[in-house]
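Colleague: Kindly return the folded structure for what I paste below:
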Amino acid sequence: MSTKPSKELETFDNPNPERDYTIRIRMPEFTCLCPKTGQPDFAELLLEYVPDQLCVELKSLKLYIWAFREQGAFHEAVTNEMLADLVAATNPRFMRLTADFKVRGGIYTVVTAEHRDENWVAPQKVELP
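Modeller: All right, here's what the predicted structure looks like:
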């Protein structure tokens, strides 16, 4: 596998497709460029998903987020673009991407985008005593 930035997301077979379970991936070093000023924007990404048949491979995910480093993008657009690409690659039961952008000019931005398969019903949350 290349160690250059790449928009290609690799996957592997879900080892337990019969069960709903959540995968959480924290990516604290996401960067892209402000499309207005060209200055870097920094964010921490949190990807949460319930896989169906496929899971995203982590090295390809690292190279994927690296590919945005020189791309000018509004926070809202880049978050939704990444979610769309991840959904297209993995076809999950549920996926949520939260992009927590660091302060710029005294303003913080948090963008959350979600995908839910129309046939998937979320299990009820269990509260333990």
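Colleague: tell me which residues in stretch 57-74 are buried?
Modeller: Of the residues in stretch 57-74, Glu57, Ser60, Leu61, Lys62, Leu63, Tyr64, Ile65, Trp66, Phe68, Ala73 count as buried by neighbour count, 16 or more other Cβ atoms under 10 Å. In short, each C-beta sits where N, CA and C put it, glycine included.
Colleague: Next secondary structure after the longest helix along the chain?
Modeller: Looking across the chain with DSSP state H, the single longest helix is helix 75-90. Scanning forward in sequence from helix 75-90 by DSSP states H and E, the next helix or strand is strand 94-104.
Colleague: Please spell out which residues along that next one are buried.
Modeller: In strand 94-104, counting by 16+ other Cβ under 10 Å, buried: Phe94, Met95, Arg96, Leu97, Thr98, Ala99, Asp100, Phe101.
Colleague: which one among the residues you listed gets closest to Glu127?
Modeller: Taking Cβ to Cβ as the measure, Glu127 sits nearest to Phe94 out of the buried residues of strand 94-104, at 20.2 Å.
Colleague: Can you tell me, leaving aside adjacent residues, what's nearest to that closest one?
Modeller: Val50 (4.4 Å; Cβ to Cβ, 6 or more residues apart in numbering).
Colleague: Surely the one you found is in contact with Thr90?
Modeller: No: look at Val50 against Thr90 with Cβ atoms under 8 Å: they stay out of range, at 10.4 Å.
Colleague: Look at those two and report which has more neighbours.
Modeller: Thr90 (23 against 20; other Cβ atoms under 10 Å).
Colleague: Pull the contacting residues for the more buried one.
Modeller: Leu9, Thr11, Tyr49, Pro51, Asp52, Leu54, Cys55, Val56 (Cβ atoms under 8 Å, 6 or more residues apart in numbering).
Colleague: Gly106: which of the residues you listed is nearest?
Modeller: Looking across the contacts of Thr90 and measuring by Cβ to Cβ, the closest to Gly106 is Tyr49, at 32.8 Å.
Colleague: The one helix or strand that closest one maps to - which strands sit beside it in the sheet, and in what orientation?
Modeller: Per DSSP H and E, Tyr49 falls inside strand 40-50. Using DSSP bridges, strand 40-50 pairs in its sheet with strand 23-33 (antiparallel), strand 94-104 (antiparallel).
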